[in-house]
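*Asks:* need a 3D model of the following:
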Amino acid sequence: MYRTKKWNFKWRLSAVAAISVCSVFHVFAQNTNQPRPVQSVKDIFDATWARQPEAQALETRQQALQAQKRAAAAWTPEPAAVELNSKSDQWGRNLGEREQQIAIAVPMWLPGQRSKSSALAEAEVNALDHQIKANQLRVAGQIREDWWNLHRARIEKDVTTDQLNNAKRLAEDVSKRVKAGDLAQSDQHQAEGAVAVAESAYAMAQANLELAIQMIKASIGATSFSTLTLSDSPELLPSAEYPRNHAALMELQARSDVAERAMALAATRTRANPEFTIAKSRDRGNLADPYSSKITIGIRLPFGGGPRYEAVVAHAQAEATQAQAQLTLERDRTQSLWHFAQAKVNAAQAQLKAAERRAKLALESRTFFEKSFQLGESDLPTRLRIEVEAVEAQRQAALSRIEFFASISALRQAAGLLPQ
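*Replies:* Model prediction:
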């Protein structure tokens, strides 16, 4: 009996230990599988860029360009070719005439073609890097816009929530005073109408917030997204000098370099690549003759020039001219956007100071008139008007703060800087 109880206790202890270990591993697996929380615009940008087709195909494109660089540095522009020939009179006179030949044809670079091909391959590698940075900047622009739209929607919801709570509290106070005979029934209708207006504004703000959340979800690919942990701190203010290494300009400059080097390469391709041929043959005239061997060396030189060459060169020149003209236009556009973004930051900062001062005065006035209304020194329409002004001032102050932060993001966007 004692041994049976002892073994039962051991089995129970082992089961408890196994369940505990499994629980620990389950919790650990849940913690490791949880996605990293999204709390800043950089987190959203990183998650969004990882889902972009350009980011997913980047490694393959880099491998292709590296293979192109190796091909440009090879000894021949194309792989060598082997040719096998055999001649016989077996189906004719059948006198034993035989000939076998093996030949190797090696393509040759045209003068300057190899160096120009290597230069073009280097330019395309550089262009891919700048193209990725420019694509990242374009994605960052959309993310920044969605990010601050989300914060605007949050503020609208918070303000309308306060407005609704204040309207309900005021309506309850009015209802008590109507029952006590201090106010008329029309005053209660006005208070309840203010509650209805606040409820409508709250519903609209809730819908706008949900739309902003769905936009972020669509970008990062998240099924759940909480706005409680979001930070509305601004990005770093960039330098006051116009950036010379703007991502959009560097992309167009790299494309212009590619077009110019492609034009230089096209100028060297005046004809198709020549071929060096070496062949060895073995033949005999009839069955009585012994086999004799021969070696043949030759060079194949295609004719050049003509409309085909002129079309290739003209097309390359057109691409280079277009790329250079587009670079000039984009430089002027980015400079204008940069100056506009700077002016917008200054204006948003001044607007924020004014809105905060107005909100402070409006809140003080609301406190004064709230006490005055409770003491019966002011009527309900004045109390409602002061309440509306206070809510609007609070809303404008909060929105001005977000607009100031958004203007800093727009300035970084105009400067070609990614979120940090």
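*Asks:* what residue of this structure is the furthest out?
*Replies:* With distances taken as C-alpha atoms, centre = their mean, the residue sitting farthest from the centre of the chain turns out to be residue 288, at 79.0 Å.
*Asks:* and the gap between it and residue 90?
*Replies:* Here the distance between residue 288 and residue 90 works out to 16 Å (C-beta to C-beta, to the nearest Å). The way it works is simple: take the backbone N, C-alpha and C, and place the C-beta from them, glycine included.
*Asks:* same question for residue 136.
*Replies:* Taken as C-beta to C-beta, the spacing of residue 136 relative to residue 90 amounts to 69 Å.
*Asks:* neighbour count: those two, which is higher?
*Replies:* Shown here are residue 136 and residue 90; by other C-beta atoms under 10 Å, residue 136 has more neighbours (19 against 11).
*Asks:* which element, helix or strand, includes that one?
*Replies:* Assessed by DSSP states H and E, residue 136 sits inside helix 113-179.
*Asks:* list the buried residues for whichever helix or strand comes after that helix?
*Replies:* Moving toward the C-terminus from helix 113-179, the first helix or strand encountered (DSSP H and E) is helix 185-220. For helix 185-220, a neighbour-count test (16 or more other C-beta atoms under 10 Å) marks 187-188, 190-191, 194-195, 198, 201-202, 205, 208-209, 212-213, 215-216, 219-220 as buried.
*Asks:* cool, and stretch 54-70?
*Replies:* For stretch 54-70, burial by neighbour count (16+ other C-beta under 10 Å) applies to 54, 58, 65, 68, 69.
*Asks:* quick check: which ranges of this protein have low pLDDT?
*Replies:* 1-38, 222-232 (pLDDT under 70).
*Asks:* tell me the domain ranges of it?
*Replies:* Each structural domain of the chain that the record assigns through automatic domain parsing is listed here as a residue range: 46-75+112-221+230-270+311-414, 78-107+272-304.
*Asks:* deepest in the core, which of the ones you listed is it.
*Replies:* domain 46-75+112-221+230-270+311-414 (a mean of 17; mean count of other C-beta atoms under 10 Å).
*Asks:* and that domain, how far out from the chain middle?
*Replies:* Taking C-alpha atoms, centre = their mean, to the nearest Å, one finds domain 46-75+112-221+230-270+311-414 lying 14 Å from the centre of the chain it belongs to.
*Asks:* can you start the count at 228 instead of 1 from here on
*Replies:* In the new numbering, first residue 228, that becomes domain 273-302+339-448+457-497+538-641.
*Asks:* and residue 508, what are its bridge partners?
*Replies:* Under DSSP bridges, the beta-bridge partners of residue 508 are residue 328, residue 521.
*Asks:* so it sits against residue 325, correct?
*Replies:* No. Counting by C-beta atoms under 8 Å, residue 325 is not a contact partner of residue 508; they are 10.6 Å apart.
*Asks:* which element is the closest residue to residue 393 other than its chain neighbours on?
*Replies:* The spatial neighbour of residue 393 that comes closest, neighbours along the chain excluded (C-beta to C-beta, 6 or more residues apart in numbering), is residue 614 at 6.2 Å. Per DSSP H and E, residue 614 falls inside helix 607-641.
*Asks:* and that helix with helix 412-447, angle?
*Replies:* Angular relation of helix 607-641 and helix 412-447 on a 0 to 180 degree scale: 10 degrees, by axes from the mean of the first three to the mean of the last three C-alpha atoms, to 10 degrees.
*Asks:* and helix 607-641, what does it pack against?
*Replies:* Using 3 or more C-beta pairs under 8 Å, 6 or more residues apart in numbering; DSSP states H and E as the contact test, the elements touching helix 607-641 are helix 340-406, helix 412-447, helix 534-601.
*Asks:* with respect to residue 631, which of the ones you listed lies nearest?
*Replies:* Residue 631 sits nearest to helix 534-601 of all the helices and strands packed on helix 607-641, at 4.2 Å, using C-beta to C-beta.
*Asks:* report all helices and strands that the helix holding residue 363 contacts.
*Replies:* Judged by 3+ C-beta pairs under 8 Å, 6+ apart, the packing partners of helix 340-406 are helix 268-277, helix 280-283, helix 285-299, helix 412-447, helix 474-495, helix 607-641.
*Asks:* what's next to the third one, contact-wise?
*Replies:* The contact list for helix 285-299 (C-beta atoms under 8 Å, 6 or more residues apart in numbering) reads 341, 344, 345, 347, 348, 349, 351, 352, 355, 359.
*Asks:* tell me if I'm right that the third one and residue 336 touch.
*Replies:* No. The criterion here is C-beta under 8 Å, and residue 345 misses it with residue 336 at 10.8 Å.
*Asks:* quick one: the residue lying closest to residue 592 once chain neighbours are set aside and residue 372, what's the gap?
*Replies:* By the measure of C-beta to C-beta, 6+ apart, the closest residue to residue 592 outside its immediate chain neighbours is residue 613, 5.8 Å from it. When C-beta to C-beta is applied, the distance between residue 613 and residue 372 equals 35 Å.
*Asks:* kindly report the same for residue 333.
*Replies:* 57 Å.
*Asks:* ok, residue 461 next?
*Replies:* Plainly put, residue 461 is 15 Å away from residue 372 if you go by C-beta to C-beta.
*Asks:* swap in residue 512?
*Replies:* Counting by C-beta to C-beta, the separation of residue 512 from residue 372 is 86 Å.
*Asks:* sorry, back to before: for the residue nearest to residue 393, give me its contacts.
*Replies:* 393, 394, 397, 421, 593.
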